[in-house]
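Undergrad: structure for this input, please:
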Amino acid sequence: MTPAGALRRIAFLLERAREPSYRVQAFRTAAAVVDSLDADELDRRIRTRTLTDLKGIGAKTGTVVTEAHRGELPAYLAGLEQQYAEIAPQASAAAALRAALRGDLHTHSDWSDGGSPIREMAEAAIGLGHEYLALTDHSPRLTVANGLTAARLERQLDVVAELNAELTPFRVLTGIECDINADGSLDQEAELLGRLDVVVASVHSDLRADRAAMTDRMLAAVENPLSDVLGHCTGRLVIGRQQRNGTQRPRPESQFDAEAVFGACRDTGTAVEVNSRPERLDPPMRLLALAAEIGCVFAIDTDAHAPGQLDWQDAGCARAVECGLGADDVVNTRTAEDLLAWTRSG
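TA: So this is what the prediction gives:
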């Protein structure tokens, strides 16, 4: 393992365990510094014990670099590997479903409110064995999450095309997590949405709207042929989470006619997302079981905002099999070609 690789593996494990972002960033920053050094300079810095003179490398990260440079498994990394051992489903059916997943249809990069560049997200997905990753940064209405205007989304499409040329056969699917407006319309230009590989439609505002209004709003979005996945349908937060402006408290479920909405998902072929984020776990089990009973298809996603969070799909798989779902019920067990044939069918 290279010194930079060891630093990034530590960051990955910390992210997966939901450690504070400042701890994670210290290791990613140090990895970038090491990448900027040629082999002779790195060797000289280690021999002369001047590695920590470089901005971005501290005592702990410097020790990791030195140990990895000697060909050793850094002690700090070894401890994390033991402390945060692979998080795997216990049930064999859940493990089989996790193994069948070929990608993730809901992820974020630093183009919106994620913490890492697109390339780092893609490389982490490759490391997990994924064949594709849908990049679904936020739409413009969600300004608090640095949502993408049409112009910025256009630029992102060019960046993704260049990256895909380098990473083939792995593929970054173009996409968006598109806000569902109060009237049920989607928060981006229809022509641009039609060019994307995956559109995740989610409610992020007016979450306490009355049941009838929320139902109409969600039905309109689900019945829009541009919508592929209904994201975190209740909007709940089962545990609080840290944000830049403080801690966000747990949040109750939005109220809507679940039978009507899931029936529309079934009839239109829109996938119901099984959101695997620990603070979301959305939909709740009773609604996930209802959607399964109605005959919906599903997407088991992480809603990852950092590379290490891409390893959260196990939780979604465990919940899915508890409701009787198998690989044939989950759209991201399909090859990229079959998945895109499905999304383009409208």
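Undergrad: got a list of what the residue nearest in space to the middle of the chain touches?
TA: Centroid-nearest residue in the chain: A304, 2.4 Å away (criterion: C-alpha atoms, centre = their mean). Applying C-beta atoms under 8 Å, 6 or more residues apart in numbering to A304 gives the contacts 104, 106-108, 114, 121, 310, 312. The C-beta positions use only the backbone N, C-alpha and C, and glycine is treated the same way.
Undergrad: now the strands for the stretch 151-300 of the chain?
TA: With strands called from DSSP state E, counting those that start in this stretch, the stretch 151-300 of the chain shows them at 171-179, 198-202, 229-230, 241-243, 246-248, 271-275, 298-301.
Undergrad: would you format those as TSV with mean pLDDT included?
TA: Converted to TSV, the strands of the stretch 151-300 of the chain look like this (pLDDT from 0 to 100):
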stretch	mean pLDDT
strand 171-179	98
strand 198-202	98
strand 229-230	98
strand 241-243	55
strand 246-248	57
strand 271-275	98
strand 298-301	98
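Undergrad: that older thread, quick one: which of the contacts of A304 sit in strands?
TA: Among those, DSSP state E puts 104, 106-107 in strands.
Undergrad: hmm, who's touching the host helix or strand of E15?
TA: Counting by DSSP states H and E, the element that carries E15 is helix 3-16. Here helix 3-16 makes contact (C-beta under 8 Å, 6+ apart) with 1, 23-25, 27-28, 30-31, 34-35, 42, 61, 64-65, 67-69, 73-74, 76-77, 80-81, 84, 87, 124, 306-309, 311-312.
Undergrad: narrow the residues you listed to those in helices?
TA: Residues of the contacts of helix 3-16 located in helices (DSSP state H): 23-25, 27-28, 30-31, 34-35, 42, 61, 64-65, 67-69, 76-77, 80-81, 124.
Undergrad: out of the contacts of A304, grab the one that's most surrounded.
TA: Within the contacts of A304, T107 tops the neighbour count with 32 neighbours, counted by other C-beta atoms under 10 Å.
Undergrad: contacts only, for that one.
TA: 114, 121, 125, 133-136, 301-305, 310 are the contacts of T107 under C-beta under 8 Å, 6+ apart.
Undergrad: change it to 7 Å
TA: 121, 133-136, 302, 304, 310 (C-beta atoms under 7 Å, 6 or more residues apart in numbering).
Undergrad: about what we covered before: distance to A96 and pLDDT for the ones in strands among the contacts of A304 - can I get that in a markdown table?
TA: As requested, the ones in strands among the contacts of A304 are arranged in a markdown table below (distance: C-beta to C-beta, whole Å; pLDDT from 0 to 100):
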| residue | distance to A96 | pLDDT |
| --- | --- | --- |
| D104 | 18 | 98 |
| H106 | 22 | 98 |
| T107 | 23 | 98 |
